[in-house]
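> Whatever this is, show me its structure:
(one chain, ligands or ions: 1)
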Amino acid sequence: MVDDWLSSALADYNQVSFDKRDSYSALIQMPGKLLVELLSWCFQSLPDEILVGMDVDPQRQVIPEVSELFLGAESRADMFAGQGYTIGEAKVVNRGNSMTVHHLPEEWTDEIFGADRGPRGGRFTHWLHTHPNCPAIPSSADAAAAQWTEGVDMILGVEFSPEWGAPWVEGVEGERRMVAGTKRSEPEQGGSWFRRRMARGNRPVLGKAVTGHSIHGIELIAFHRTGVGINVIFVDDDDLPYGWPFTTE
Ligand SMILES: [Zn+2]
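Numbering: from 1, shown residues only. The predicted model follows:
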């Protein structure tokens, strides 16, 4: 179930996706319900990052009214596998740190790709990994891992407290897209660690995780292996974007 606070945050996110549509070449639809699951898996695996394999749902296509509105002037067809379809099934396939999360242990892949994925051990179309208490910006290890992705790579950054050995990492460069929460201001010059920590403690709580953590911010980006950003739209069960309808004024 998508709580009210989250569905209104997803509507805000989609509004930005809509406003920025001309800076993206393609879009991808993620169900709001899947984000709820991803957040739950993320918190249950702390302090590790998790790697999630995702397939598209062949029954769920981007509806024409949505693609008409959300595809920008620079949009391209046939850019990646699964383009034009909503993300369907998802499965946690690994956990680890920012380096090891991309390297699947062989015995795991046998199990995951053998039993559930047919004798061919089919690969997932899309991949997502989490950045607990770190902005959703690809590291060089992330960019390297994406080179074999047929669909798109996604990064889910979550800011939460208590931190549990994953303090928020400041000062990472790159394009950021907030699902909820505001961009953190630059750390105060000369501000002590304690003062920054106190400031963090006062950040608004957007919602509670299944594990009881307070969520302060959620970010999500998607990118193609060539490094091009892909526009994400969060949709409900009817493949309508949260916050629908959107207008061009
Ligand atoms: Zn990463």
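> check which helix or strand covers residue 94.
Per DSSP states H and E, residue 94 falls inside strand 85-96.
> Kindly report the same for residue 156.
strand 153-161.
> Residues contacting the next helix or strand after that strand, please?
Under the assignment DSSP H and E, the closest C-terminal helix or strand after strand 153-161 is strand 178-180. Here strand 178-180 makes contact (CB atoms under 8 Å, 6 or more residues apart in numbering) with 5-6, 9-10, 12-13, 16, 35, 206-207, 215, 217-220, 234. Bear in mind the C-beta positions are built from the backbone N, C-alpha and C, glycine included.
> partner strands of the strand holding residue 156, parallel or antiparallel?
Here strand 153-161 is paired, per DSSP bridges, with strand 126-132 (parallel), strand 214-223 (antiparallel).
> quick check, the longest one touching the ion?
Translated: strand 214-223. No. Applying CB under 5 Å from the ion, one finds strand 214-223 separated from the ion by no less than 10.6 Å.
> Would you mind checking the average pLDDT for that strand?
Averaged over strand 214-223, pLDDT sits at 93.
> Same question for stretch 84-103.
Mean pLDDT, stretch 84-103: 92.
> how far is it from where the chain is centred?
10 Å (CA atoms, centre = their mean, to the nearest Å).
> CA atoms only for that stretch - export them in CSV, please.
What follows is stretch 84-103, C-alpha atoms only, in CSV (Å, rounded to 0.1, in the frame of the first residue of the first chain):
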residue,chain,number,x,y,z
GLY,A,84,7.7,1.5,-23.1
TYR,A,85,6.8,-1.0,-20.3
THR,A,86,6.2,-0.6,-16.6
ILE,A,87,8.6,-2.4,-14.3
GLY,A,88,7.0,-5.7,-13.1
GLU,A,89,8.7,-8.3,-10.9
ALA,A,90,11.6,-7.4,-8.7
LYS,A,91,14.0,-9.5,-6.6
VAL,A,92,16.8,-8.9,-4.2
VAL,A,93,19.8,-10.6,-5.7
ASN,A,94,22.7,-9.4,-3.6
ARG,A,95,23.8,-7.2,-0.7
GLY,A,96,27.1,-5.7,0.2
ASN,A,97,29.1,-2.5,0.1
SER,A,98,29.4,0.0,-2.8
MET,A,99,31.9,-2.3,-4.5
THR,A,100,30.8,-5.8,-3.6
VAL,A,101,27.1,-5.3,-4.2
HIS,A,102,27.6,-5.5,-8.0
HIS,A,103,29.5,-8.8,-7.8
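> The strand holding residue 94 - contacts with which helices or strands?
strand 27-31, helix 32-44, strand 49-61, helix 106-115 (3 or more CB pairs under 8 Å, 6 or more residues apart in numbering; DSSP states H and E).
> how much space is there between whichever residue of the chain sits closest to the ion and residue 223?
Residue of the chain nearest the ion, by CB to the ion: residue 142 (4.1 Å). Per CB to CB, to the nearest Å, residue 142 is found 9 Å from residue 223.
> Next, show the common contact partners of those two.
Common contact partners of residue 142 and residue 223 (CB under 8 Å, 6+ apart): residue 153.
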